[in-house]
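1. what follows is a predicted protein model with its sequence.
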Amino acid sequence: MVDDVQEFTLLRRSSLASGVGHLLVKTKPQAAECEGTENRVAEGVVATDLVGHHRSFDGLRIILVSMVTTCLGWTVWLLLLNIAPNNMVNRIMDTSNLESGSFWQFVDLPLPIYGLAIFGLTIIGLGYSFVLIKLIWKRAHSRVLPETRALNLCMKLVDLMIELVMLLQILEDGLPIVLVAVFTVIVAANAVWCALVMLLPLKQTVLVENLIDLIFDLLIAVGYPMILVCYCLSAFKFDRAKLMINQAVFPQGWLEQSASTIADPVQTVVIYKTLNSLRISSIFNFFTRMGINITLWLKCQRLMNLMENPRRQSSSVYPRHCRLAASSLVAFAIFVIIYVEESTRTSAVACHPHPECVINARRWLMLDSLTQCPCLALIDNNIAPKTYSEWMDPKDITAKVAHLATMGLLQIVQLTNRKLEVLPEELRGCTDMRYL
């Protein structure tokens, strides 16, 4: 028996030189110690370490639960926004008592698009509910699908393409430049971060890579839309005291009793366009929303697999020292920044001669097309004419409307005390007209 084998070793060799007698000590054989260690490992030492890993992931699990709960709550709010846009916007903007709740005048979507939006948001909500259940319900064993770094890189490229399409939609919607800049920075930073992970010998763990990857997707899917709502809340200013005075002074039915005549029309249109961009209004918009949320689900799943099976994960998410892919991502980030800057600059130059155009699509226009303003909203109001001639002979705006409608992008036209004897033929090409 191995346990019965005895080995004698010399202790305190220095004592030999001094003439002290040999001191023999009985010790356990090294081979037996190694075997015992192996047995302990097989019997659960590693399992204890894994339990320690799981305990260390409790804080991360709480963070993920809060993230997914936020995503679920936001998806429910978007679902209600698409079902009843006027009611939901009135609630958050506190405008329910203005014009009997019809202050914003959101237009109902076509029935097929409406059904597609409800279906898509419901699927997204169910997906987040499933992820939340998996996070709360800890399983002792889980099946981990094999992952490769090349597959993760392909997923990142698809993710960036979806974000690029969303950025193009934001530019086409003519959102305020501050909101455009925020989204551009998020997309560019996402690409640059991935390039740095692949190119530089960073010491971060795979957990950090997955978590930062997830945060970027969370910013795109939920964080940025919340920033839109916060921007609208901070930008909306309405003189309610003036409205109360007008309602007390002017007879019922007069124009002065309308809240629209008191509100800043430019401010109202900008907020309308910004909040309307949160709705799923086209098939193209449907696929981009679904795509970005699906990638977010997959990132959550990957992080959960890491927490449940930490010893089966690779050392990094993306390929290391892949100069071609990293350079492509950096070039992508530079291209995004340049494209947004040029689109903003050239469209601003084209629309500069037309101050009546309060919102324009941001397009990279060539030099020969700078005379074509991609106008989305035309507002020219003269609420209080100061002279008799202004009352009797208002400014003729027909040519201006025709010119700004040439590109067929006009969606909102608001004119007060302006002459428009006939509707220009160019307005027929504005197929997305919402308010006239």
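-> Yep, that arrived.
2. any idea how far residue 131 is from residue 231?
-> 28 Å (Cβ to Cβ, to the nearest Å). Backbone N, C-alpha and C define where each C-beta goes, glycine included.
3. strands along the stretch 251-400 of the chain, start to end?
-> Along the stretch 251-400 of the chain, counting by DSSP state E, counting those that start in this stretch, strands occupy 357-360, 375-381.
4. now tabulate these in TSV and tack on distance to residue 216 and mean pLDDT.
-> Below are the strands of the stretch 251-400 of the chain laid out as TSV (distance: least, Cβ to Cβ, whole Å; pLDDT from 0 to 100):
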stretch	distance to residue 216	mean pLDDT
strand 357-360	29	94
strand 375-381	29	92
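5. would a markdown table of these with distance to residue 188 be doable?
-> What follows is these, written out as a markdown table (distance: least, Cβ to Cβ, whole Å):
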| stretch | distance to residue 188 |
| --- | --- |
| strand 357-360 | 23 |
| strand 375-381 | 25 |
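6. could you export these as JSON lines, including mean neighbour count and distance to residue 154?
-> Below are those laid out as JSON lines (neighbours: other Cβ atoms under 10 Å; distance: least, Cβ to Cβ, whole Å):
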{"stretch": "strand 357-360", "mean neighbour count": "22", "distance to residue 154": "36"}
{"stretch": "strand 375-381", "mean neighbour count": "23", "distance to residue 154": "36"}
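7. low-confidence ranges, the stretch 301-436 of the chain, go.
-> Where the stretch 301-436 of the chain drops to pLDDT under 70, the residues are 309-316, 367, 369-370.
8. what's the single longest helix in the chain?
-> helix 323-351 (DSSP state H).
9. buried residues of it, list them for me.
-> 325-326, 329-330, 332-333, 336, 339-340, 343-344, 346-347, 350-351 (16 or more other Cβ atoms under 10 Å).
10. which one of these sits closest to residue 200?
-> residue 326 (8.9 Å; Cβ to Cβ).
11. thought the closest one was touching residue 192?
-> No. Applying Cβ atoms under 8 Å as the test, residue 326 and residue 192 come out as separate, 9.5 Å apart.
12. out of the strands of the stretch 251-400 of the chain, nearest to residue 126?
-> Going by Cβ to Cβ, the one of the strands of the stretch 251-400 of the chain nearest residue 126 is strand 375-381, 34.8 Å.
13. what packs against the closest one?
-> helix 265-276, strand 357-360, helix 398-404, strand 412-416 (3 or more Cβ pairs under 8 Å, 6 or more residues apart in numbering; DSSP states H and E).
14. recalculate using a threshold of 6 Å.
-> Applying 3 or more Cβ pairs under 6 Å, 6 or more residues apart in numbering; DSSP states H and E, we find strand 375-381 packed against helix 265-276, strand 357-360, strand 412-416.
15. what lines up beside that strand in the sheet?
-> strand 357-360 (antiparallel), strand 412-416 (parallel) (DSSP bridges).
16. and the angle for the longest one with helix 265-276?
-> Between the direction of strand 412-416 and that of helix 265-276, the angle (axes from the mean of the first three to the mean of the last three Cα atoms, to 10 degrees) works out to 160 degrees.
17. CA atoms of strand 412-416 as CSV?
-> Provided in CSV are the C-alpha atoms of strand 412-416 (Å, rounded to 0.1, in the frame of the first residue of the first chain):
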residue,chain,number,x,y,z
ILE,A,412,-45.0,69.9,-42.9
VAL,A,413,-46.1,73.2,-44.3
GLN,A,414,-47.4,75.9,-42.0
LEU,A,415,-48.3,79.4,-43.3
THR,A,416,-50.1,82.2,-41.5
